[in-house]
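> output the structure for:
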Amino acid sequence: MRKLSASLGLAAILSVITGCGSTATTGGDGGTTGTKTCAQRSGTYRHTYTEKSGTCGLFPEQITSLTEQPKAPESPCTGTIKYSTDNCQVTVDASCPTTTGGTLTQRGVMTWSENGDTGEGEFQIGMSGTGSCSSIYKVNGVRIAK
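Okay, the predicted model is just below:
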C-alpha cells in the first residue's frame, strides 16, 4: 500500500483544515441552518484520514497547532480558505509544492461542532509529479489541547 509521506511539507496545508476565528466569509452553501455560531478553533488538533477511494493510500495522522485564524494558506502554499457565516464550516482549496518538485493539492469542506472540539469532513488530496496520485479521504479532527 502506498503512503503519502509527511515530508511533503504538509504542515502548512493541514493547518487550513482546522481554521478558526469569528470573522467569517461566506463559503459554499453558507454553512449550517439555524442560529448557532461555532466557537473559534484554536489550540492543538489531531487529524486522522481514512481513504474512501483513490490511489494515494495511507495518509498519516497530523498534529497541528493554531493561535489565530488562517486567512489563506501559508507560503509557499497558495489557494483559498473560506468560512461559513456561522463559522461551523471551513472550505479549503489549497496547493503546496512538495520536496520532490511536485504539487500537493487539497480540496474539501470540514464541519465543526459548536464548541470547536470536533470536526469531520471529506477532502480530495492529490499529488502531481513523482509518485502522482489522487484520493478522497474522510477527515476527522479533535482538539487535544487548548
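
> buried stuff in the host helix or strand of residue 63?
Using DSSP states H and E, residue 63 sits in strand 62-66. Taking 16 or more other Cβ atoms under 10 Å as the neighbour-count basis, strand 62-66 is seen to contain the buried residues 62, 64, 66. Every C-beta, even on glycine, is put in place using the N, C-alpha and C of the backbone.

> ok, the residues you listed vs residue 140, which is closest?
Of all the buried residues of strand 62-66, residue 140 sits closest to residue 62, with 11.2 Å by Cβ to Cβ.

> wait, the closest one touches residue 106, no?
No. Using Cβ atoms under 8 Å, residue 62 is not in contact with residue 106; the gap is 11.4 Å.

> quick revisit: closest one of the buried residues of strand 62-66 to residue 117?
residue 66 (13.5 Å).

> for that closest one, give me the pLDDT.
Turning to residue 66, the model gives it a pLDDT of 89.

> beta partners for residue 142?
residue 46, residue 118 (DSSP bridges).

> report all helices and strands that the helix or strand following the strand holding residue 63 contacts.
Going down the chain from strand 62-66, the next helix or strand is strand 78-83, by DSSP H and E. With contacts taken as 3 or more Cβ pairs under 8 Å, 6 or more residues apart in numbering; DSSP states H and E, strand 78-83 sits against strand 89-97.
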